[in-house]
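**Student:** Need a 3D model of the sequence below.
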Amino acid sequence: MTDEPVQQNEPIRLVTTLYPLEYFAKTIGGDLVEVTNLIAPGVEAHDFEPSPHHMRLMKEADIIVYNGSGFEPWMERALDGLNGDTRIVVEASLGLVDGNDNNSTTVGSEERTDP
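**Tutor:** The predicted model follows:
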C-alpha cells in the first residue's frame, strides 16, 4: 500500500438544475469537476421540461444536484427515466426545516428554529 494520492485523469461530471447550485459546485469542486447547468437563465424551473439532450447530460453525469422540495417537479420523472444509471443524486434541500414546521419558537422579535 502506498501513501500517494490517487490521480484522477478526468474531472467529475456534475449536472445541476439551478445557477446557485452550479456556482457552489464550481466553487467547491474547482478543477476537479466539470459542471453543466440544465436550466438556462430566465427559464422558470417549475415549468422546465428536459429535452433528450438534457436527459443525455444527466445520464452521462457522475453526480446530479437539484434543489428538491418540489421546486423542479419534473425531476422525479427524469430520474425515473435514467433507470438508476447515475451514481450519485443529491437533493440539496433534503433535511432542511420547512418554514411551517412546529419546531419554531419566538425569542424576542426573532424566530428561532430548533434543530
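**Student:** Output the below-cut-off pLDDT ranges for this structure.
**Tutor:** 1-8, 86, 97-115 (pLDDT under 70).
**Student:** can you rerun that using 90?
**Tutor:** 1-9, 70, 81-87, 95-115 (pLDDT under 90).
**Student:** by contact count, what packs against the longest helix anywhere in it?
**Tutor:** If you go by DSSP state H, the chain has its longest helix at helix 19-29. Helix 19-29 makes packing contacts with strand 12-16, strand 33-37, strand 63-66 when contacts are defined by 3 or more CB pairs under 8 Å, 6 or more residues apart in numbering; DSSP states H and E. C-beta coordinates here come from the backbone N, C-alpha and C atoms, glycine included.
**Student:** For that helix, buried residues please.
**Tutor:** 21-22, 25-26 (16 or more other CB atoms under 10 Å).
**Student:** circling back to that earlier point, using TSV, please lay out the helices and strands packed on helix 19-29 together with distance to F48 and mean neighbour count.
**Tutor:** Converted to TSV, the helices and strands packed on helix 19-29 look like this (distance: least, CB to CB, whole Å; neighbours: other CB atoms under 10 Å):
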stretch	distance to F48	mean neighbour count
strand 12-16	13	21
strand 33-37	11	18
strand 63-66	11	22
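**Student:** Please give me every residue in contact with the residue nearest the centre of the chain.
**Tutor:** The centre of the chain sits closest to V65, judged by CA atoms, centre = their mean, with a distance of 1.8 Å. Each residue near V65 by CB atoms under 8 Å, 6 or more residues apart in numbering is listed here: 14-17, 21, 25, 90, 92.
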